[in-house]
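A.B. asks: The sequence and its predicted three-dimensional model are supplied below.
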Amino acid sequence: MQTRRGTCYPSPDPAAPSTGCRQDSKRRRESSPCHKRKRQVRANHFDDIPDDLLLSILSKLSSTARRPADFLSALLTCKRFHAMGFHQFVLVRASTSAISVKASSWCEGAHRFLKKCADAGNVEACYTLGMIRFYCLQNRGRGASLMAKAAIASHAPALYSLGIIQFNGSGGGKKDKDLKAGVALCARAAFLGHIDALRELGHCLQDGYGISKNVAEGRRFLVQANARELASVYPPQYWKSPQNLRALRPAWIKNLRTTTTLSPPFSSSTLRACPLLSDFGCNVPPPESHPAAKFMVDWFKLRPACAGLRLCSYAGCGRPETRKHEFRRCSVCGTVNYCSRACQALDWKIRHKHSCMPIDDWLDADTDDDEDYPGEEAEPEDEI
């Protein structure tokens, strides 16, 4: 290289040995923490994982995740994880807990995530997004189509929800009710073991609502619903312990040897229990609601329904009316209303049984379109 004075630097001899100063500086540079971090970043072993193995790992993660954050946080590891995490093979296996978004954190991103899962063929996502669109976002057509997509795949909650829509004529007028279609959908869901559908079908058979009246067959469905609910609350290991069976034994059997007066199996001090098998006195906790129902309950707490539209009085339901006087009310007190007979039966045993009192004057004068639910007299499960 030529300098300003015209002289040139001596060209380095490639055969000449390197000086000790350069070796020391190179050694210090390689031993520095910054150089070590750069060398560790370059060694990315995630790129060596085959695609089929990574899809299998992510699908296992999505099917066992207890909340959406457990699955979505893994997708933030790298770009490859993010791309493979939204593969159809992974989203179709996402569990109910992995897609159970909260109403307080609802946003466009959560909507897109549920839609991707539904487009991938996840029936739980189809049902959850369908319920949200139908009742919360008031997009009746798309919500019903998503629930129908899940029902075609034999999803019992979707079949039952479509049955309730047919019973009430939700999204339309009073003339849009189709009782026979509602009974058929509930029968299909009951065949798949859905507890609320079994209870709803039992009440329809006992009352002759949309089907020929058959009291004995209706009671059989109600007993089956109670037995399934009792079995779902306690795990199989529970029944193997004699001590647990003695603890579950009703109080009136224990008092049978000492007195002829049977103590009531349910008192106001045990409101947290639900005596589903009233004749046997078995008190079990109320059933856990579906994540879609929890979403609707929280949604309408944050965003109240339109004026004049009521919510189902059963705390675990969350369904709102789509028109005025759509739900039917208790014929005794007139202060509560329900979307279905199943919700009425559960709320009666859990709460309303202790607060239902007849009144002379209805609070709501405009009740021409209201249909009434019977009170205690029409609670057939108490007679099982």
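C.D. replies: Yep, it's here.
A.B. asks: now Thr77: how far from Pro320?
C.D. replies: Relative to Pro320, Thr77 is positioned 40 Å away (C-beta to C-beta, to the nearest Å). (C-beta placed from N, C-alpha, C; glycine too.)
A.B. asks: Which of the two has more residues huddled nearby?
C.D. replies: Shown here are Thr77 and Pro320; by other C-beta atoms under 10 Å, Pro320 has more neighbours (22 against 11).
A.B. asks: Quick one: residues contacting the nearest residue to that one once chain neighbours are set aside.
C.D. replies: Spatial nearest neighbour of Pro320, chain neighbours left out: Ala305 (4.6 Å); criterion: C-beta to C-beta, 6 or more residues apart in numbering. Counting by C-beta atoms under 8 Å, 6 or more residues apart in numbering, Ala305 touches Leu311, Pro320, Glu321.
A.B. asks: Same list (these) but as a markdown table, adding distance to Gln138 and pLDDT.
C.D. replies: Below are those laid out as a markdown table (distance: C-beta to C-beta, whole Å; pLDDT from 0 to 100):
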| residue | distance to Gln138 | pLDDT |
| --- | --- | --- |
| Leu311 | 15 | 90 |
| Pro320 | 10 | 92 |
| Glu321 | 12 | 91 |
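A.B. asks: Identify, from those, the entry nearest to Glu108.
C.D. replies: Pro320 (22.6 Å; C-beta to C-beta).
A.B. asks: didn't that closest one look like it was pressed against Tyr135?
C.D. replies: Yes. The pair Pro320 / Tyr135 is scored as a contact, 5.9 Å apart, by C-beta atoms under 8 Å.
A.B. asks: list residues touching both of those two?
C.D. replies: Contact criterion C-beta under 8 Å, 6+ apart; residues shared by Pro320 and Tyr135: Met296.
A.B. asks: residues touching the residue nearest to Thr128 when sequence neighbours are not counted, list them.
C.D. replies: Nearest residue to Thr128 in three dimensions, chain neighbours excluded: Ala292, at 4.6 Å (C-beta to C-beta, 6+ apart). Listed by C-beta under 8 Å, 6+ apart, the contact partners of Ala292 are Tyr127, Thr128, Met131, Ile132, Pro157.
A.B. asks: Which element, helix or strand, includes Ala292?
C.D. replies: For Ala292, the element it lies in under DSSP states H and E is helix 291-302.
A.B. asks: Would you map the strands across the stretch 151-300 of the chain?
C.D. replies: 274-277, 282-284 (DSSP state E, counting those that start in this stretch).
A.B. asks: Where among these is average confidence lowest?
C.D. replies: Looking at the strands of the stretch 151-300 of the chain, the lowest mean pLDDT belongs to strand 274-277 (a mean of 49).
A.B. asks: what about the spatially closest residue to Asp176 that is not a sequence neighbour, how many neighbours?
C.D. replies: The shortest distance from Asp176 to any non-neighbouring residue, by C-beta to C-beta, 6+ apart, is to Gly169 (3.9 Å). The local packing of Gly169 (other C-beta under 10 Å) involves 18 other residues.
A.B. asks: before we move on, what about Ala110?
C.D. replies: The number of residues packed near Ala110 is 17, by other C-beta under 10 Å.
A.B. asks: how about it, what does it touch?
C.D. replies: If a contact means C-beta under 8 Å, 6+ apart, then Ala110 has Val101 as its contacts.
A.B. asks: just checking, what packs against the longest helix along the chain?
C.D. replies: As assigned by DSSP state H, the longest helix anywhere in the chain is helix 215-233. The contact analysis (3 or more C-beta pairs under 8 Å, 6 or more residues apart in numbering; DSSP states H and E) places helix 215-233 against helix 195-207, strand 274-277, strand 282-284.
A.B. asks: got the buried residues for the strand or helix carrying Ser63?
C.D. replies: Using DSSP H and E, Ser63 falls within helix 51-64. Buried residues in helix 51-64, counted by 16 or more other C-beta atoms under 10 Å: Leu54, Leu55, Leu58, Ser59, Leu61, Ser62.
A.B. asks: Convert the C-alpha atoms of stretch 106-118 to PDB, please.
C.D. replies: The C-alpha trace of stretch 106-118 is given here as PDB (Å, rounded to 0.1, in the frame of the first residue of the first chain):
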ATOM      1  CA  TRP A 106     -60.600 -11.900  24.700                       C
ATOM      2  CA  CYS A 107     -59.000 -10.200  21.700                       C
ATOM      3  CA  GLU A 108     -58.600 -10.500  18.000                       C
ATOM      4  CA  GLY A 109     -55.600 -12.800  18.500                       C
ATOM      5  CA  ALA A 110     -57.600 -15.200  20.600                       C
ATOM      6  CA  HIS A 111     -60.400 -15.200  18.000                       C
ATOM      7  CA  ARG A 112     -57.800 -16.000  15.200                       C
ATOM      8  CA  PHE A 113     -56.300 -18.800  17.300                       C
ATOM      9  CA  LEU A 114     -59.700 -20.500  17.900                       C
ATOM     10  CA  LYS A 115     -60.600 -20.000  14.200                       C
ATOM     11  CA  LYS A 116     -57.300 -21.700  13.100                       C
ATOM     12  CA  CYS A 117     -58.100 -24.600  15.500                       C
ATOM     13  CA  ALA A 118     -61.600 -24.900  14.100                       C
END
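A.B. asks: and it, what's its mean pLDDT?
C.D. replies: Averaging pLDDT along stretch 106-118 gives 92.
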